[in-house]
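Engineer: Need a 3D model of the following:
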Amino acid sequence: MSYQTLYRKYRSQSFGDLVGQEATSRALRGAIATDRVAHAYLFSGTRGTGKTTTARLLAKAINCMRRSPGTSEPCNECESCLQVQNGSALDLIEIDAASNRGIDEIRDLREKVNLAPALGRKKVYIIDEAHMLTTEAFNALLKTLEEPPEHVVFVLCTTEANKVPLTVLGRCQQFVFRRFSKEQIVGRLGQVANSEHIVVEPEALALIANVAQGSMRDAIGQLDQLVPLADGPISLAVARELLGITDPAQLDDLLDLVLAGRASEALGALGRIYEGGGELRQVVRGLMERCRDRLVAAIERQEGAARETLSTVLDSLLHLDGEVRRHAEPRFLVEAILVRLAVEAQVHPVGSDELARTEQRKPVPTNSDPVPPPQAAPQPVAAPPGLGQPVASQVGPDRDVGDEWRRILDALRPQTRAYFLAARPQLDGTRLLLTFPYSFHHKRAVETIEQIEPLVKSWLGPSARLDLQLQESTVAAPRATVSPGPVPEEDPVIKAAERKLEAKVVRVRPLKETP
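Structural biologist: Prediction:
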């Protein structure tokens, strides 16, 4: 006898054997027992949650020849049940809408739907991936769905119910299939392993359940994949190696390096993970999980800076997860995104130690809570005053504003902060002059100047003035003045690198400052 994969071999053959989906199972069993089966159902939910299996159970129970009145379980022994189990039942018609999505296939269905059942009480049509049907096919199916022959039941299965027209949804009883919990998947995997006499460590089962992401079919398929490859009992280390899953400690270290702004070391850590057999999509998902956990912790502790940085990183990882599978060079793509995130994090690094210290930081005053100027003008000082204390002294144009300027940068949003990083600040009394070496940063800074002005006025007082100018320009350019200048981002080499890595320039830093 040919080998049968485990997920097919252990597909539920009765409602009592069906794992999870208790509400749906209870509703269908009640309808079968009271002979109130609807003419059309829509089963929706993510992959591997039991939609098609439940549809087949419904068909089997309806046509079971030995099922007693008032009961719902199929006997699994009569001719009708056996035909459904081995896939030869003439009264169960399964249509793959992904490959039979046109109007011609639906017209053929409408012609055959009037034929009487061959053996059972009803003919059951299961249309899998129903959302793939064309608009014309849905329109052709509508009348049949609304008033089908008495001996016909339709079950539409889909992973994207939002793509099914409302006119079709209104003609079906809809049941939503939830993802399986890790506990449910581990329990089912344990039953399968015991039946197959496979020795699997509980930690390995938990790892498989975590990777399956709520899909029972994926979990059993991964267990089936491990059995012929493993030499002896399946341990956690063996499962991680064969499935290409990275050690969690390595992922924690990689995320720490990215959040700390250490791009070079992050690339090295990613390279070691990749060379060790780590599957890149699992790496990205592992980083997502850890970033999400840290974000939740930052929200609970009301750590504003950490929350904003982690939210930005998580958003980038979510987009990366969708792209890495389809990209021709997934490693280059992951490297480019992690480097970009690390470069952005250089302004405000958030590592494991930084997260613990964030809530102790004193927030930067904003324009909504200004500190009033003192009654008497302060005397000239050799060092810049603290944030929130106005400046009345005249300071030379070459003076370094030091910590106060860095505090203002820390208070900006990460994307806005990137535009002001390259600027050279010069303080002259209550006038702060920012000189930009590149026109791109200067232009974007002018467009976002309203985000930094309140911070500057909280530092230098209400009469403070902020001027932005492009380097080598003889006149300061306040707000709307954008002086022309070289744009390194338009260099053909940079453009080619952007296309190759599917990246974008977020910061330009000169190799050598001009005097």
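Engineer: can you tell me the helix or strand for the residue nearest the centre of the chain?
Structural biologist: Closest to where the C-alpha atoms of the chain average out (Cα atoms, centre = their mean) is residue 318, at 3.6 Å. Using DSSP states H and E, residue 318 falls within helix 304-324.
Engineer: Okay, buried residues for that helix please.
Structural biologist: 305-314, 316-317, 320, 324 (16 or more other Cβ atoms under 10 Å). C-beta: built from backbone N, CA, C; applies to glycine.
Engineer: After it, which helix or strand is next? Please name it.
Structural biologist: That would be, after helix 304-324 and using DSSP H and E, helix 330-345.
Engineer: Tell me which other helices or strands that following helix touches.
Structural biologist: helix 248-259, helix 263-275, helix 280-300, helix 304-324, helix 414-420, helix 492-501 (3 or more Cβ pairs under 8 Å, 6 or more residues apart in numbering; DSSP states H and E).
Engineer: and the angle for the fourth one with helix 248-259?
Structural biologist: Okay, so that is helix 304-324. Angle between the axes of helix 304-324 and helix 248-259 is 110 degrees (criterion: axes from the mean of the first three to the mean of the last three Cα atoms, to 10 degrees).
Engineer: Helix 304-324: how far from the chain's middle?
Structural biologist: 9 Å (Cα atoms, centre = their mean, to the nearest Å).
Engineer: and what of the shortest one?
Structural biologist: Counting by Cα atoms, centre = their mean, helix 414-420 is centred 25 Å from the centre of its parent chain.
Engineer: other SSEs contacting it?
Structural biologist: Using 3+ Cβ pairs under 8 Å, 6+ apart, helix 414-420 is in contact with helix 304-324, helix 330-345, helix 403-411, helix 439-447.
Engineer: Of all the residues in the third one, which ones are buried?
Structural biologist: By that I understand helix 403-411. 404-405, 407-409, 411.
Engineer: So residue 126 belongs to a strand, correct?
Structural biologist: Yes: assessed by DSSP: H, G, I helix; E, B strand; the rest coil, residue 126 belongs to a strand.
Engineer: Quick check: it touching residue 91?
Structural biologist: No: counting by Cβ atoms under 8 Å, residue 126 stays clear of residue 91, with 11.5 Å between them.
Engineer: Overlap of the contact sets of those two?
Structural biologist: Listed contacts common to residue 126 and residue 91 are residue 59; contacts here mean Cβ atoms under 8 Å, 6 or more residues apart in numbering.
Engineer: show me where pLDDT drops low in the stretch 201-350 of the chain?
Structural biologist: 230, 347-350 (pLDDT under 70).
Engineer: The same query, at a cut-off of 80, please.
Structural biologist: Within the stretch 201-350 of the chain, the stretches with pLDDT under 80 are 229-232, 244-247, 276-277, 304, 325, 346-350.
Engineer: Dihedrals phi and psi, the closest residue to residue 81 other than its chain neighbours?
Structural biologist: Nearest residue to residue 81 in three dimensions, chain neighbours excluded: residue 74, at 5.1 Å (Cβ to Cβ, 6 or more residues apart in numbering). Torsion angles at residue 74 (phi, psi; degrees, to the nearest 10) stand at phi -70, psi 150.
Engineer: Tell me who's in contact with residue 74.
Structural biologist: 13-14, 57, 60-61, 64, 67, 81.
Engineer: Show only the entries of those residues found in helices.
Structural biologist: 57, 60-61, 81 (DSSP state H).
Engineer: would you turn the residues you listed into CSV with pLDDT, distance to residue 343 and neighbour count?
Structural biologist: Below are the ones in helices among the contacts of residue 74 laid out as CSV (pLDDT from 0 to 100; distance: Cβ to Cβ, whole Å; neighbours: other Cβ atoms under 10 Å):
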residue, pLDDT, distance to residue 343, neighbour count
57, 93, 54, 26
60, 93, 58, 28
61, 93, 60, 24
81, 92, 62, 23
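Engineer: farthest-separated two in those?
Structural biologist: Farthest-apart pair in the ones in helices among the contacts of residue 74 is 57 and 81; separation 10.4 Å (Cβ to Cβ).
Engineer: before we move on, back to that, would TSV of the helices and strands packed on helix 414-420 with distance to residue 99 be doable?
Structural biologist: Listed next are those as TSV, based on distance: least, Cβ to Cβ, whole Å:
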stretch	distance to residue 99
helix 304-324	24
helix 330-345	28
helix 403-411	56
helix 439-447	49
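Engineer: Select, out of these, the one closest to residue 216.
Structural biologist: With Cβ to Cβ as the criterion, residue 216 lies closest to helix 304-324 of the helices and strands packed on helix 414-420, at 21.5 Å.
Engineer: Dump that closest one to CSV, restricted to CA.
Structural biologist: What follows is helix 304-324, C-alpha atoms only, in CSV (Å, rounded to 0.1, in the frame of the first residue of the first chain):
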residue,chain,number,x,y,z
GLY,A,304,7.4,56.9,25.0
ALA,A,305,10.8,56.9,23.2
ALA,A,306,11.2,53.1,23.3
ARG,A,307,7.5,52.6,22.3
GLU,A,308,8.0,54.8,19.2
THR,A,309,11.2,53.2,18.1
LEU,A,310,9.9,49.6,18.6
SER,A,311,6.7,50.5,16.8
THR,A,312,8.7,51.7,13.8
VAL,A,313,10.9,48.6,13.8
LEU,A,314,7.8,46.3,14.1
ASP,A,315,6.1,48.0,11.2
SER,A,316,9.2,47.5,9.0
LEU,A,317,9.4,43.8,10.0
LEU,A,318,5.7,43.3,9.2
HIS,A,319,6.3,44.6,5.6
LEU,A,320,9.5,42.6,5.3
ASP,A,321,7.7,39.3,6.3
GLY,A,322,5.4,39.8,3.3
GLU,A,323,8.2,40.5,0.9
VAL,A,324,10.9,38.1,1.9
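Engineer: between it and helix 403-411, how many degrees?
Structural biologist: Angle between the axes of helix 304-324 and helix 403-411 is 50 degrees (criterion: the same axes, to 10 degrees).
Engineer: Of all the residues in stretch 276-293, which ones are buried?
Structural biologist: Buried residues in stretch 276-293, counted by 16+ other Cβ under 10 Å: 278-280, 282-291.
Engineer: re the thing from before, excluding chain neighbours, what is closest to the residue nearest to the centre of the chain?
Structural biologist: Closest to residue 318 by Cβ to Cβ, 6+ apart is residue 288, at 6.7 Å.
Engineer: List the residues that contact that neighbour.
Structural biologist: Going by Cβ under 8 Å, 6+ apart, residue 288 touches 314, 317-318, 321.
Engineer: how about stretch 331-347 as PDB, C-alpha atoms only?
Structural biologist: The C-alpha trace of stretch 331-347 is given here as PDB (Å, rounded to 0.1, in the frame of the first residue of the first chain):
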ATOM      1  CA  ARG A 331      19.100  37.600   2.100                       C
ATOM      2  CA  PHE A 332      20.000  41.000   0.500                       C
ATOM      3  CA  LEU A 333      16.500  42.300   1.300                       C
ATOM      4  CA  VAL A 334      16.700  41.300   5.000                       C
ATOM      5  CA  GLU A 335      20.200  42.700   5.300                       C
ATOM      6  CA  ALA A 336      19.100  46.000   3.700                       C
ATOM      7  CA  ILE A 337      16.100  46.400   6.000                       C
ATOM      8  CA  LEU A 338      18.100  45.500   9.200                       C
ATOM      9  CA  VAL A 339      20.900  48.000   8.300                       C
ATOM     10  CA  ARG A 340      18.300  50.700   7.600                       C
ATOM     11  CA  LEU A 341      16.600  50.100  11.000                       C
ATOM     12  CA  ALA A 342      20.000  50.000  12.800                       C
ATOM     13  CA  VAL A 343      21.100  53.300  11.100                       C
ATOM     14  CA  GLU A 344      17.800  55.000  12.200                       C
ATOM     15  CA  ALA A 345      18.200  53.600  15.700                       C
ATOM     16  CA  GLN A 346      21.700  55.200  16.000                       C
ATOM     17  CA  VAL A 347      20.000  58.500  16.900                       C
END
